[in-house]
Every structure is written in C-alpha cells, then in structure tokens.
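Chemist: After the sequence you'll find the predicted model.
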Amino acid sequence: MHFSRLFSQTLRETPSEAEVVSHQLLVRAGFIRQLGAGIFSYLPLAYRVINKIMTIMREEMNALDGQEILMPVVQPADIWKETGRFYQIGSEMGRFTDKNGHDMVLAMTHEEVVADLVRGTIRSYRQLPALIYHLQTKWRDDPRPRAGLIRVREFIMLDSYSLDADWAGLDRQYSAHYEAYFRIFKRCGLSTVAVRSDTGMMGGKEAHEYMYLTPIGEDSLLFCDACGYSANRQVASMHKPLPEQEDSLPLEMVATPGASSIEELAAFLDVPAAKTAKAVFFMGHFSAENGGHEALIFAVVRGDMEVNETKVANLMKAGDLRPATDEEIRASGAVPGYASPVGLKGVKVVVDDLVPRSPNMVAGANLAGYHLRNVNYGRDFSADLVADISAVRDGDGCPQCGAPLRLARGVEVGNIFKLGTRYSDALHCNFLDENGNNQPVIMGSYGIGVGRLLACVAEEHNDDRGLVWPAAIAPYPVHMVVLPGREMDTGVIAASVEAALTAAGLEPLVDDREESAGVKFNDADLIGLPMRLTISERAFKQGGVEMKLRASAESHVIPLDQVVTAVRSTIDLLSQV
RNA sequence: CGGGGUGUAGCGCAGUUGGCAGCGCACCGCGUUUGGGACGCGGGGGUCGGCGGUUCAAGUCCGCCCACCCCGACCA
C-alpha cells in the first residue's frame, strides 16, 4: 500500500473531545472516525487490525472445534419475549417496528437466536457437544458511551455458544474457553486477568470476566496477593472479623438531635461506626415472572460498611435497583435519617450477616431525632434475609486467606458465562438422551469485544510519539520511508524492496509522499508499525536500507539482498508469543 | 435521567460595544528545500449546530430545540 493512496489522514493536533490516550492516538493516526456518540467508522488501518484480531479469534475457536456461523443483527422480538428479556431489559435495547407493525430488536447479544437455532437443529445427544461462534455487530444503547472505542454503542463482538448434554460437558467447554481466551489476548499483546463476576442480564450459574488492568477502567476489582483470590467488586466477598461478644443490654432510646448520618451519630454518641447499624433503602423492580412491580427493599449493614447493590439485587431477585426517595421511605413507616428495622412491618428487610453477630448496636428509632441503643438481632428485630450484602473495600480481608485485598481498576475485554438451561428452558431446546428422555440443552456463552480489545492494546502499547503495535496485529508489518536522493533515484530501490517484501507475504506501507523527512518519520512513529525501513541515499551509501524497530531507538543498515530475510526473521521473532 | 461544559472551514482555535467571518495547521498550484512536523508567492474551502424572536443590522442579545464531551445514576 502506498501512503499517498491510503484512505486516511493523520492529524497534527488532537481532537479536543478525545481524553484517553488510545482514543487520541487512534484518531490522530487516522485509524478511526467518530460518526456519533459511541458510533465509529473503522478506516483501513483499523480494519486491518480488526481483521488480524478476528483471524486469531477464528484460529483459537476452530482449535476448540468451534464452527463459525453468522446470525442476524435485526431480530423479531418474539424470541426475546419468549425468554422475557424483551421486558427485563430497558432502554439499552434498540427496538423498532417493521412496516407491518411487528416488534423488532437490534441484537445486543445472540442467546435467543442460538436457542432458536438449537431447537430447530438439535434432536439427539449424538449431536452434542457442539460449539458455534460468530463475529457480528451488536447494538447496546449504553447510557454513557465514552473513552473512544473503550465503551461504545455499536461494536463487533466475538461470541461463542457451547451446547452440551450434561453439566460435565459444560464444565469442559467452559474450561476450554477460559484458556483459549487467555491465548487470544496474549497473542494480541494484551495481558489480562480473569476475575469472578456477576452474571447480570445473562443469568446463569458462574461467570468470569477478563480484565485489562488500567486506571481508566470503570470496573473495580479486588485481588489477594497472598492466595490469588480475585473478583469483581460486584461479587467480591470478604473475611469479616467476628465482633467482640458481650451480654445483651436493655434497649434504650436516646435523643440524637441532628445526627442523621453515621458519622454524626458516631461522633454524637462517641461510639465507633462499627457499633452502629446503617439503613439503606432501595426500590427494586421485579419482572413479570416475579410479580411485575416495584417494592421497597430495606438493607441493613454495619455502620462502617457500604451496601453492595448488586448483591442485594441478586438476593432479592430484583431486575433493577434504585435509591428510594424520602417519600417512599416514609410510606413504609420509617423515618429517613433515623430509620431502623426495629418495629417495622410489611417491608422486605435484608440484613448483612455481620449484623446478627454484632451485639448492642445503635440503630434508628424511626422517630426523628432519636436512636436506639443496645439493639440486638433476634431479640429486637429480625430480617427476611440474612446474607452478605457488604461492599468490599481496599484493604478488607481476603475471604479465602484473610490477607488484605488490593483494589484495582480494569476494563472488561471479555467474559464467559455458564448459562445452564435458562434459554433452553425458555425456548424449549430439548434433545433425547441415551434413554429416550427429553433433556434441555445445557448452554454456555462467551464473548470478546473486538474494538474494545483493539483500543486496550492501543492504550497499553504507545509512547509519547504514537502507537506501538504488537507485530501480530499491526495493520502492516513494515513502514517504508522513502526519501529522495540528490544524485540517485531512491524510488527504484524502494520499488524493488516493496516488490520483494510483497512477494514474500510481508506487505509494506510505503510512504511515497512528497513530504519532508521529518513529516514522514513522525507519521511513521504515530501510526506505529513494528518496523521501519528507510530507503535513502544516505542508507544506500552505507550499504543498503536502514532498519529500525518502532519499540527501539537503535537502527542498522541491511544490505539490499538481505532485506527480505532480515525483515522476515525479525517480524517472526516479534510475532512470537 | 440529573449536574457541568462545548458547538465558528477537515483539525486546533480567535472573533471587542451588535456593524465586511478570521488565524494556525491541513488541502490545491508554482518555485526553492530534502534524515525528525521546511520556506516564499498565489489559491480553494463557512447554513457561525438548528428554528424562532429583538434590531436598520445578529457569530455576538433573548427563547426553544439538537448534537457532542465530562461527572454522576445506569450498564455485560
């Protein structure tokens, strides 16, 4: 490819809307252009990277005996109504009606279509196990797209779906994906960690997320450096030291004027926050199968802890959780700022498992300006549910070994789910087992955001001059900078080098523009191909062409008749993982 | 959805009290230059986000709307 023909444009100045470095560089280097919020076009440079990433994905999926298919982006809403997700999922789903007035859906993911395929295809245990995958566009109307390609609304995803006759089969395919996904990321030059995660809208049993650790990430993760425990904060648990046990003291009411927060209360009564109970109210939205209504949820944690909303939502089987308004709290009989579960009727109460073990706590009196001392679980109140609903913080104890957990930020580049029979049950994907009995197909689903992966690689591999692509996914292996000579025609040498490299399967990007050397070198650094070959009179007089790696400052001259061999061996070396 | 910000040429920006719509980069032509973002001369490019209002006159003042960015809520 000749640079003068490349459909692209490098920019000297960073567009003001780009904040994270991957976004800035991908736009400046002419890889992507934004069309709308979270909607991007991939120009040739980016699409070549995308294709190389997708090739790696296909190789790894095929190695698991996966078979590539292609499922539709536009889908009739009927199958989404069958699984209930048409109603569960909110504004994030793209919906419209076709000319006949039928509800249609833009694919956010493809479990429903897979299940529809399976019920029309799989009849016998002899057809299982199976693995199908595709690389297809998804539309998720994210409330807040940001950070360039990191968080978008339209994106290409690798998603694969495992189909098994039994749970052991699912475990095998899940493990195979667990390893294959690490290989994909590694081959793309991105190091990731897998953490336990929430199953969210997918439902199902077990899930892991693959996280690229970076301060710009929006997910909070907890790691134990002692034993290796790792989890997304949404599901992370902790070791909770048992509070000192004391005899129950008589309940007493104390005036606490103006002390409506834990800090004020603890200061006013001169007790540690750990001796108080914190009341948090949510309105939970319950889907049709669970009643189809909103209901108040009263969560209680110890005063020195925070509520983990994901845990509460999962426990209560609420599809959605939002903070309750003061009016909604009052309607339950509780008093905002002075609320407690003592004496409340008709409200769903969920209590953190540390609270029943904490004696003589301070809790609200449900009376403005008053609290209760010496509240004891069991004697003074009880809950509908006692479970772990605390949010883990940096430094809290590891649930496995007790060592302090470390909090880090990350971007989720992939995830794997054990779906089980949720979709097979809903869409009646049954097969006949060896004994002639109907059984639901057991499914898993696995996904990687291709553009997000590209963006994370760009985020990780750059310097102050521009991008530094890993050789395995670089748009071209070689950037040829051709500089005109005074006494000789360097274009002739460039043409022969280009032809030789192309014939060897090492297609170069040839900067044939009439630009100054500085412009060409700077653009080469900005675009970040792994190797630069400079064809110039100076290099020719030194015996050939100059070779320099993007990731290194050193360069040396290669004789013309050895260029192909040298480029190949170097690129091969760089491509190894 | 709430809070904040920004919309003027492809990109970055200026535009005073309301009075001819500009600068740098990029782009086109000619010439000089040629190993780290060269120089001279000459050019092309605008629904000043949109609609409405005030005014002799609106990029500028007023109202409504839209888009994009950031923070939060939310989210795989």
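Modeler: Yep, it's here.
Chemist: Show me the strands in the stretch 301-450 of chain A, by range?
Modeler: Using DSSP state E, counting those that start in this stretch, the strands of the stretch 301-450 of chain A run over A:306-307, A:320-323, A:348-352, A:361-367, A:370-375, A:385-387, A:390-391, A:405-420, A:430-432, A:438-440, A:442-449.
Chemist: State the paired neighbours of the fifth one in the sheet, together with their directions.
Modeler: Think strand A:370-375. Strand A:370-375 has the following strand partners under DSSP bridges: strand A:252-255 (antiparallel), strand A:361-367 (antiparallel).
Chemist: Nearest residue to the residue nearest to the spatial centre of chain A in space, ignoring adjacent ones along the chain?
Modeler: The centre of chain A sits closest to A:Glu412, judged by C-alpha atoms, centre = their mean, with a distance of 2.2 Å. Distances taken as C-beta to C-beta, 6 or more residues apart in numbering put A:Glu209 closest to A:Glu412, at 4.9 Å, once the chain neighbours are dropped. (C-beta placed from N, C-alpha, C; glycine too.)
Chemist: what sits against the one you found?
Modeler: A:194-195, A:197, A:219, A:232, A:412, A:414-415 (C-beta atoms under 8 Å, 6 or more residues apart in numbering).
Chemist: mind checking which helix or strand the nearest residue to A:Ser197 once chain neighbours are set aside is in?
Modeler: Among residues not flanking A:Ser197 along the chain, A:Glu209 sits closest, at 4.1 Å (C-beta to C-beta, 6+ apart). A:Glu209 belongs to strand A:206-213 when elements are defined using DSSP states H and E.
Chemist: From A:Glu218, how far off is the nearest residue to A:Pro215 once chain neighbours are set aside?
Modeler: Once flanking residues are discounted, A:Pro215 sits nearest to A:Arg409: 5.5 Å by C-beta to C-beta, 6+ apart. Using C-beta to C-beta, to the nearest Å, A:Arg409 is found at 7 Å from A:Glu218.
Chemist: same question, A:Gly485
Modeler: Distance from A:Gly485 to A:Glu218, by C-beta to C-beta: 52 Å.
Chemist: Report the separation between the spatially most distant residue from the centre of chain A and A:Phe540.
Modeler: Using C-alpha atoms, centre = their mean, the residue of chain A lying farthest from its centre is A:Glu487. It sits 56.2 Å away. According to C-beta to C-beta, A:Glu487 and A:Phe540 sit 10 Å apart.
Chemist: who touches the nearest residue to A:Leu483 once chain neighbours are set aside in this structure?
Modeler: Using C-beta to C-beta, 6+ apart and skipping residues adjacent in sequence, the residue nearest A:Leu483 is A:Ser536, 4.0 Å away. A:Ser536 makes contact with A:481-483, A:485, A:490, A:545-546, according to C-beta under 8 Å, 6+ apart.
Chemist: rerun that using 7 Å as the cut-off
Modeler: A:483, A:485, A:490 (C-beta atoms under 7 Å, 6 or more residues apart in numbering).
Chemist: Quick one: buried ones out of the residues you listed?
Modeler: Burial by neighbour count, 16 or more other C-beta atoms under 10 Å: within these this picks out A:483, A:485, A:490.
Chemist: List just the nearest of these to RNA strand B.
Modeler: Using C-beta to the nearest atom of the strand, A:Leu483 comes nearest to RNA strand B of the buried ones among the contacts of A:Ser536, at 4.9 Å.
Chemist: State the pLDDT value of the closest one.
Modeler: pLDDT, A:Leu483: 93.
Chemist: Name the residue of the stretch 451-577 of chain A that lies nearest to RNA strand B.
Modeler: A:Gly518 (2.6 Å).
Chemist: Can I take it that that residue is in a helix?
Modeler: Yes: checked against DSSP: H, G, I helix; E, B strand; the rest coil, A:Gly518 lies within a helix.
Chemist: just for chain A, where's the confidence low?
Modeler: A:199-205, A:287-292, A:319 (pLDDT under 70).
Chemist: any idea how it splits into domains?
Modeler: A:19-231+A:408-458, A:252-391, A:476-575 (automatic domain parsing).
Chemist: How far away from the center of its chain is the strand holding A:Glu209?
Modeler: 7 Å (C-alpha atoms, centre = their mean, to the nearest Å).
Chemist: Direction included, what does it pair up with?
Modeler: Short version: by DSSP bridges, strand A:206-213 pairs with strand A:193-196 (antiparallel), strand A:405-420 (antiparallel).
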